[in-house]
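J.: Structure for this input, please:
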Amino acid sequence: MEHSDTHKPEWTPQDAGSEFASFVMKGVDGPTAISNRGRKKRRQLSVDDYVNGVLEQNRTILARAITLIESNADVHREMGQEVLQHLLPHAGNSTRLGITGVPGAGKSTFVENLGVRLCEQGHKVAVLAVDPSSSLSGGSILGDKTRMEKLSRDKRAFIRPSPTSGALGGVAEKSRSTIVLCEAAGYDTILVETVGVGQNETTVRQMVDCFLLLTIAGAGDDLQGIKKGVVELADIFAVNKADGNNKLRAQRARSEMKTVLHYLTPYTPEWTIPAMTCSAFTGEGVDKVWETVEKFYEHLRKTGYLESRRAQQNVNWMHEMMIQNLKHRFLHHEKVASKLSDLEHKVANGKLPAYSAAKTLLAEFLDEK
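T.: Model (predicted):
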């Protein structure tokens, strides 16, 4: 497929500009200045170019900076961390809202409806839409993100679909860094939409301040479709698609959930988890959900939990980076890499216990005899 100079894929909304940033996910430009066809490539950016571009709220450079930190190449990892170090003092002043829910709950429609309303109120909204990774390529499916056509056309919005890259919790491995970049670029509201297919949502809970759980009435046995562990992580509960003939069912599901929540210990101390209904299709109740988010932030600031929660988010980020970097170094260790394939084969054929294989590789990594 031929691409335009901006490399926008054919599924990008027709009127979308650079705010629909997923087209930059082709990767970071290499050092080659001219392609084989003689077309001049984009200028390779320095650390200062990235930092200044993000602070100047240049959405194209913001998108390229996110691509930089998503890269697993050693040179890009080092450069990305340097960019983050310079931008970190300019971050931290946003509303961080995580949105999850059962399959078919209408998360993307809700995110677009809410995002459009917030932009109309003068907010700058960044949507980190985390899609399931392809089991073959590790790339994003990106399918339902094309439905955010109205939001993607708003210059106050920035949409970034990202692959999960095998990370747990339905959230991209580098999403914490992406949040920092978006905040430094002036986005005051960060909406993190998770996969929501029954994975452990603890990871996204640890990187946002407020966690919204969406469900729908009539999805199986209603509340049976929601894992108790996910409910215990939520700060706000909303039954979506409360419109038309489904409105009464949604109200009943809300009443049932209020009873369940009464017996659960809130994730956030001294906060009573509200249950409400809304319709992302008609817009009814969406404003009330956002008002509840604002009340929740008032509670966090009043009690001092916002400051402590952000501090814990940073500590969690540090531990996550430790694990990621250790795994990267382990798998790229010369002796480990030389024996990995053979040991995998032996484990697969039942000739060697998995524990023994792992212990052997760890000994090579630690250079133990």
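J.: show me what contacts residue 106?
T.: By C-beta atoms under 8 Å, 6 or more residues apart in numbering, residue 106 lies in contact with 214, 216, 240-241, 280-281. For glycine as for every other residue, the C-beta is placed from the backbone atoms N, C-alpha and C.
J.: distance of it from residue 239?
T.: Per C-beta to C-beta, to the nearest Å, residue 106 is found 10 Å from residue 239.
J.: Please apply the same query to residue 119.
T.: Noted for residue 119: a distance of 25 Å to residue 239, by C-beta to C-beta.
J.: which of those two has more neighbours?
T.: residue 239 (30 against 18; other C-beta atoms under 10 Å).
J.: Would you mark the buried spots in stretch 65-78?
T.: 65-71, 76-77 (16 or more other C-beta atoms under 10 Å).
J.: After the worst-scoring helix or strand of the chain on mean pLDDT, which helix or strand is next? Please name it.
T.: Here the helix or strand of the chain ranked lowest by mean pLDDT, DSSP states H and E is helix 228-231, holding a mean of 74. Later in the chain than helix 228-231, the nearest helix or strand by DSSP states H and E is strand 236-240.
J.: if I look at residue 106 and residue 239, which residues touch both of them?
T.: In contact with both residue 106 and residue 239: 214, 216, using C-beta under 8 Å, 6+ apart.
J.: low-scoring pLDDT stretches of this structure, where are they?
T.: The chain contains residues with pLDDT under 70 at 1-41, 130-147, 162-173, 195-200, 218-228, 368-369.
J.: those helices in it, which residues are they?
T.: 47-55, 59-70, 74-87, 107-120, 149-152, 175-184, 202-205, 228-231, 247-262, 286-303, 305-331, 334-348, 354-365 (DSSP state H).
J.: Quick one: closest of the ones you listed to residue 98.
T.: Closest to residue 98 of those is helix 202-205 (C-beta to C-beta; 4.7 Å).
J.: Only alpha carbons, please: show the closest one as CSV.
T.: The C-alpha trace of helix 202-205 is given here as CSV (Å, rounded to 0.1, in the frame of the first residue of the first chain):
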residue,chain,number,x,y,z
THR,A,202,-3.9,-4.4,38.7
THR,A,203,-1.3,-2.8,36.4
VAL,A,204,-3.6,0.0,35.2
ARG,A,205,-5.0,0.5,38.7
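J.: Number the chain from 37, please
T.: Will do, 37 is the new start, and the previous item becomes helix 238-241.
J.: coming back round to it: let me have the contacts of residue 142 in TSV, adding neighbour count and distance to residue 126 as columns.
T.: Output for the contacts of residue 142, formatted as TSV (neighbours: other C-beta atoms under 10 Å; distance: C-beta to C-beta, whole Å):
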residue	neighbour count	distance to residue 126
250	26	31
252	22	39
276	28	35
277	26	39
316	25	32
317	16	37
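J.: which among those gets closest to residue 398?
T.: residue 250 (41.9 Å).
J.: Chain neighbours aside, what residue packs nearest to that closest one?
T.: Counting by C-beta to C-beta, 6 or more residues apart in numbering, residue 250 lies nearest to residue 137, which is 3.3 Å off, once chain neighbours are set aside.
J.: Correct me if wrong: that neighbour contacts residue 144.
T.: No: because the distance of 10.4 Å does not satisfy C-beta atoms under 8 Å, residue 137 is recorded as not touching residue 144.
J.: who's more crowded, these two?
T.: residue 137 (27 against 20).
J.: residues in contact with the more buried one?
T.: By C-beta under 8 Å, 6+ apart, the neighbours of residue 137 are 143, 232, 249-251, 276.
J.: Farthest-apart pair in those residues, please.
T.: It's 232 and 276 that sit farthest apart of those, by C-beta to C-beta, at 11.8 Å.
J.: and the gap between residue 289 and residue 376?
T.: 49 Å.
J.: Repeat that for residue 293.
T.: 47 Å.
J.: Please apply the same query to residue 129.
T.: Distance from residue 129 to residue 376, by C-beta to C-beta: 44 Å.
J.: returning to that earlier point: distance from the least confident helix or strand of the chain to the middle of the chain?
T.: Helix 264-267 has its C-alpha centroid displaced from the chain centroid by 19 Å (C-alpha atoms, centre = their mean, to the nearest Å).
J.: on contacts alone, who are the packing partners of that helix?
T.: Taking 3 or more C-beta pairs under 8 Å, 6 or more residues apart in numbering; DSSP states H and E as contact, there are no helices or strands that helix 264-267 lies on.
J.: how about it as CSV, C-alpha atoms only?
T.: Only the C-alpha atoms of helix 264-267 are listed here, as CSV (Å, rounded to 0.1, in the frame of the first residue of the first chain):
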residue,chain,number,x,y,z
LYS,A,264,-14.8,-9.8,42.0
GLY,A,265,-11.1,-8.8,41.9
VAL,A,266,-11.9,-6.1,39.2
VAL,A,267,-14.9,-4.8,41.2
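J.: Can you list the buried residues in that helix?
T.: With the criterion 16+ other C-beta under 10 Å, helix 264-267 contains buried residues 266-267.
J.: For that helix, give me every contacting residue.
T.: For helix 264-267, using C-beta under 8 Å, 6+ apart, the contacting residues are 136, 236-237, 249, 273, 296-297, 300.
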